[in-house]
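> below is the sequence, then the predicted model.
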Amino acid sequence: MNILIVGGGGREHAIAYALKKSPKVEKLYCAPGNAGISRIAECFPVKATEIDGIVELAKKLMPDYVFVAPDDPLVMGMVDRLNEAGFKTFGPRANAAILEGSKAFSKSLMKKYNIPTAAYETFTDAEKAVAYIKEKNSYPAVIKCDGLALGKGVIIAQNFEEAKAAVKSMMIDQKFGKSGAEVVIEEFMRGVEVTVLAFTDGKTVKPMISSMDHKRALDNDEGLNTGGMGTIAPNPFYTKEIAEECMKNIFVPTINAMRAEGRPFKGCLYFGLMLTDEGAKVVEYNCRFGDPETQVVLPLLETDLVDIIEAIYEERLDKLDIKWSGNSCACVVIASGGYPEKYETGKEISGIDENGQLSDNSAFVYHAGTKLENGKFLTAGGRVLGVTATGNDLKSALETAYKSVGEISFDKAHFRHDIGARALSFDKV
Ligand code: AMP
Ligand code: GLY
């Protein structure tokens, strides 16, 4: 079987690696891919958002499946276009990807089907939004763009001035373009965050191992929000009891709601959850695998990922038993100094071999933003590498990951020193 993966970050490297392990896979292609991915898949310089370009590439390569990994092409309808052209796919069609593409849509779906989430109101008028914030007078206030904004369209305002500025930046100054034409203002939830990725064929939902992202740039959850600075799996805060509660109150109702709305969701649905005093609530849905959650979840998957992709496409996920290893996994992201703001690229990375890996293979190095020039790996993005290790428990996975991080360097490299620290302290309780 030949498979084309659309995307080019650490997540796609992890997906490529999981597919590479399948005895069913003969050839792996990736567009655009990156330097790390190019060691295990043939890469083509077509951007993930170029729908016509990807359809053309598929016609040339004739893959058995196209795996569309990032949010933008999914929301733009790449899967619909590929299906129309006769290709089998992994990923939701546009009418289901809207679950991530529009927060106003996902919030109203949750309201209609009684799925627990933060109380909210939506606004298309900036003055009305500001008046509502003033009347509520409750801080922190959470202000979100309706549409996609590279994970940056959420502002947690600590007072009225900040909230007003947030509304202005989204709705008047259009800092996030059209994504901010409508805003969602919602209640601030307190608690521990958990990510649960779930396989679904639109009828059956099978949650994967839980994980925890670390979104802030600096240690102790300080600094700006990023795409994610590191992850661990499983998330020890997500107990068996909570998992059962989520299955009953959130996962199954969401899949059924989407089917009832004529928008069956096929692919991987990302549940961003907050474990509050009132139970688990949805922070957000994403219509795809998370990055860097995928990097710690897929290494624990024992079932062949190709079998899962086929079962989802053929809508027989209920018949497939999905197995997970009992190990833990940790991923520490090494970023360019300055990320998520301004940073330099083109720095030579030392400590990795010609495959972009550690010579002792103690950990796996997922490439997020790298390029190859004259046989050398150079930095090419904000998040550069995700150093990932498994272990019998979280502590040993973290020790191996951090030891390996210590062997890799480049000018102004930055990483967090406390990935998994909070989870470890919970583990000991
Ligand atoms: P989102 O893009 O909706 O996931 O929001 C990004 C991050 O903002 C989340 O991972 C949370 O850490 C935080 N966040 C979003 N909504 C809320 C909320 N209602 N209460 C507390 N934190 C939130
Ligand atoms: N790690 C968060 C995301 O993929 O959106």
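Thanks, I have it. Numbers count the residues shown, from 1 in each chain. Ligands and ions are numbered 1, 2, ... in the order given.
> could you check whether stretch 271-282 is close to ligand 2?
No: Stretch 271-282 is not in contact with ligand 2 by Cβ under 6 Å from any ligand atom; minimum separation 7.4 Å. C-beta: built from backbone N, CA, C; applies to glycine.
> please state the offset of that stretch from the chain centre?
When C-alpha coordinates are averaged (Cα atoms, centre = their mean, to the nearest Å), stretch 271-282 and its chain have centres 18 Å apart.
> with adjacent residues omitted, what lies nearest to the residue of the stretch 201-350 of the chain found nearest ligand 2?
At 3.4 Å from ligand 2, G290 is the closest residue in the stretch 201-350 of the chain, using Cβ to the nearest ligand atom. Spatially, and ignoring its direct neighbours in sequence, G290 is nearest to Y270 (5.1 Å; Cβ to Cβ, 6 or more residues apart in numbering).
> and the one you found, what are its bridge partners?
In this structure, Y270 bridges to L197, N286 when assessed by DSSP bridges.
> for stretch 117-127, C-alpha coordinates in CSV please.
Only the C-alpha atoms of stretch 117-127 are listed here, as CSV (Å, rounded to 0.1, in the frame of the first residue of the first chain):
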residue,chain,number,x,y,z
THR,A,117,-18.6,23.3,28.1
ALA,A,118,-18.0,26.9,29.4
ALA,A,119,-21.1,29.2,29.3
TYR,A,120,-20.8,31.6,26.4
GLU,A,121,-22.2,34.3,24.1
THR,A,122,-21.3,35.0,20.5
PHE,A,123,-21.0,38.5,18.9
THR,A,124,-20.7,39.9,15.4
ASP,A,125,-20.8,43.5,16.7
ALA,A,126,-17.8,44.8,18.7
GLU,A,127,-19.8,47.4,20.7
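> and that stretch, does that touch ligand 1?
Yes: for stretch 117-127, a contact with ligand 1 is found by Cβ under 6 Å from any ligand atom, at A118.
> pretty sure the residue of the stretch 201-350 of the chain closest to ligand 2 contacts R11?
Yes: counting by Cβ atoms under 8 Å, G290 does reach R11; the two are 7.3 Å apart.
> the two: which has the busier surroundings?
R11 (26 against 23; other Cβ atoms under 10 Å).
> the helix or strand where the more buried one lies packs against which elements?
R11 is located in helix 10-20, with elements delineated by DSSP states H and E. With contacts taken as 3 or more Cβ pairs under 8 Å, 6 or more residues apart in numbering; DSSP states H and E, helix 10-20 sits against strand 2-7, strand 27-32, helix 294-297, helix 305-313, strand 364-367, strand 383-391.
> give the contact list for S179.
By Cβ atoms under 8 Å, 6 or more residues apart in numbering, the contact list for S179 reads C145, D146, G147, L148, A149, G153, M170.
> please list the residues of the chain that sit near ligand 1.
The chain comes close to ligand 1 at residues 118, 142, 144, 151, 154, 186-189, 193, 215, 272, 283-284, as judged by Cβ under 6 Å from any ligand atom.
> again, 5 Å this time
Contact residues, the chain versus ligand 1 (Cβ under 5 Å from any ligand atom): A118, V142, V154, E186, F188, M189, G272, V283, E284.
> show me which of those is closest to G262.
E284 (22.4 Å; Cβ to Cβ).
> now the two most distant members of the contacts of S179.
The most widely separated members of these, counting by Cβ to Cβ, are L148 and M170 (13.0 Å).
> these two: who's more crowded?
Of the pair L148 and M170, M170 is the one with more neighbours under other Cβ under 10 Å, namely 26 against 21.
> can you pull out the helices in the stretch 51-200 of the chain?
In the stretch 51-200 of the chain, the helices defined using DSSP state H, counting those that start in this stretch lie at 51-61, 71-76, 78-84, 94-101, 103-112, 126-136, 160-167.
> just checking, what packs against the shortest one?
Contacts of helix 71-76 with other secondary structure elements, assessed using 3+ Cβ pairs under 8 Å, 6+ apart, are made with helix 51-61, helix 94-101.
> do the last one as well
Contact partners of helix 160-167 among helices and strands, from 3+ Cβ pairs under 8 Å, 6+ apart: helix 126-136, strand 141-145, strand 154-157.
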